[in-house]
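Asker: Provided below for reference: sequence and predicted model.
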Amino acid sequence: MKYETVVLDITGGLAVLTLNRPDKMNALTTQMRAEITHAMKDAATRARCIVITGAGPAFCSGQDLGDASSTGKIDLERSLRDEYEPMLEMIHSCPVPTIAAVNGPAAGAGANLALCADVVIAAESAYFLQAFARIGLLPDAGGTWFMPRQMGLAKAMGAALFADKITARQADEWGMIWEAVPDKDFAAHWRKRAEYLANGPTAAYGAIKQAIRGTYENTLPQQLAKEAHLQGECGRSRDFAEGVVAFMEKRPPKFEGR
């Protein structure tokens with residue numbers, strides 16, 4: 001498929017999906033959401049790690065409010081159900097690790113697109129903004145789900161009500177993202193992190209995602225049972241056998257992935 005609003009580059013085991021409307025701060029349109037969904041599905045079958053980042057100075061400014069229907073209005077409920085949900089689910093349930101490399105402002109649905117990834121690495125000059133209340137809306141695109149889990153109820157409520165900018169450094173300190181990185185080191189750093197995951201034990205990473213994603217829905221006994229089941233599967237894998245041999249031989253493991 002030829003993409004017009006995103007760029008998908010797959011080299012070796014690493015896929016980089018770049019949101020590519022820099023003149024619009026990578027604002028999301030109907031076409032763009034469909035292309036992100038399709039590109040994620042494609043990358044998940046061919047790569048061992050997927051990075052989502054933005055072209056130009058912004059990561060993603062959220063919904064393109066100029067992307068209206070023929071009546072001149074955006075049907076928000078339909079858009080969320082038919083376009084955002086498939087895109088977010090594709091990212092959230094991706095079988096391989098996902099990284100949001102937030103190179104600049106991430107606002108509205110763009111902030112929550114980033115939070116949907118397994119790991120968020122942000123340039124120090126970047127910021128996150130739940131701008132919805134400024135135009136009479138509540139956080140969507142998963143914002144009311146991601147924020148309380150990643151930054152706590154108090155911070156999530158304040159971020160939604162006041163719609164203040166959250167700097168990358170604040171997001172790091174609050175546990176909202178994995179790390180904030182100096183701008184001069186950002187590109188090299190996220191790529192090094194992504195290549196590490198792309199060369200890692202893909203099946204184990206998938207099991208980690210399953211276990212951690214499900215912990216809020218499980219009791220402790222249920223979670224322990226889930227861990228035991230997934231660990232059993234990992235323990236029967238070639239990657240585990242290679243990991244043990246490599247440890248004993250004091251050398252880096254060479255994981256097959258999938």
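Answerer: On my side now, so go ahead. Residues are numbered from 1 along each chain as shown.
Asker: show me what contacts residue 204?
Answerer: 234, 237, 239-240 (C-beta atoms under 8 Å, 6 or more residues apart in numbering). To be clear about C-beta, it is placed using only N, CA and C from the backbone, and glycine gets the same treatment.
Asker: An error on my part: the question was meant for residue 27.
Answerer: Contacts of residue 27 by C-beta under 8 Å, 6+ apart are 21, 60-65, 67, 110.
Asker: what's the answer for residue 56, then?
Answerer: So residue 56 contacts 22-23, 25-26, 104 (C-beta under 8 Å, 6+ apart).
Asker: Would you point out the most distant pair within the residues you listed?
Answerer: Spatial extent of the contacts of residue 56 (C-beta to C-beta) is set by the pair 23 and 104 at 13.7 Å.
Asker: Of the two, which one has the most company?
Answerer: The residue with more neighbours, out of residue 23 and residue 104 and counting by other C-beta atoms under 10 Å, is residue 104; that gives 25 against 9.
Asker: Can you name the residues that contact that one?
Answerer: 54, 56-59, 123, 125-126.
Asker: among those, which ones are buried?
Answerer: 54, 56, 58-59, 123, 125-126 (16 or more other C-beta atoms under 10 Å).
Asker: Check these against residue 139 and report the nearest one.
Answerer: Out of those, the member with the shortest distance to residue 139 (by C-beta to C-beta) is residue 59, at 16.6 Å.
Asker: how close does the closest one get to residue 26?
Answerer: 7 Å (C-beta to C-beta, to the nearest Å).
Asker: and for those two, which residues touch both?
Answerer: 19, 110.
Asker: mind checking the end-to-end distance for stretch 209-219?
Answerer: Stretch 209-219 has its terminal residues 17 Å apart, counting by C-alpha to C-alpha, to the nearest Å.
Asker: and it, which residues are buried?
Answerer: Buried residues in stretch 209-219, defined by neighbour count with 16+ other C-beta under 10 Å: 209-211.
Asker: from the middle of its chain, how far away would that stretch be?
Answerer: What separates the centre of stretch 209-219 from the centre of its chain is 17 Å, taken as C-alpha atoms, centre = their mean, to the nearest Å.
Asker: now swap in stretch 38-57 and tell me
Answerer: Distance, centroid of stretch 38-57 to centroid of chain: 10 Å (C-alpha atoms, centre = their mean).
Asker: any idea of the mean pLDDT for that stretch?
Answerer: The pLDDT scores in stretch 38-57 average 97.
Asker: Next, work out how far apart residue 165 and residue 61 are.
Answerer: Distance from residue 165 to residue 61, by C-beta to C-beta: 13 Å.
Asker: With neighbour numbers in mind, choose between those two.
Answerer: Neighbours were counted for residue 165 and for residue 61 using other C-beta under 10 Å; residue 61 has more, 25 against 14.
Asker: That one contacts residue 26, correct?
Answerer: Yes: Residue 61 is in contact with residue 26 according to C-beta atoms under 8 Å; the separation is 6.5 Å.
Asker: okay, and the common contacts of those two?
Answerer: residue 110.
Asker: which residues in the stretch 1-150 of the chain form strands?
Answerer: In the stretch 1-150 of the chain, the strands defined using DSSP state E, counting those that start in this stretch lie at 6-11, 14-19, 49-54, 98-102, 106-107, 119-123, 127-129.
Asker: just the stretch 151-258 of the chain next, same as before
Answerer: Under DSSP E, counting those that start in this stretch, the stretch 151-258 of the chain gives strands at 165-167, 179-181.
Asker: what sits up against the first one?
Answerer: Translated: strand 165-167. 124, 126-129, 159, 174, 176, 180.
Asker: Looking at these, which two lie furthest apart in space?
Answerer: Distance extremes for the contacts of strand 165-167: the farthest pair is 124 and 159 at 18.9 Å, using C-beta to C-beta.
Asker: These two: which is more packed in?
Answerer: residue 159 (25 against 16).
Asker: neighbours around the closest residue to residue 116 other than its chain neighbours, how many?
Answerer: Counting by C-beta to C-beta, 6 or more residues apart in numbering, residue 116 lies nearest to residue 91, which is 4.7 Å off, once chain neighbours are set aside. Applying other C-beta under 10 Å, we find 23 residues neighbouring residue 91.
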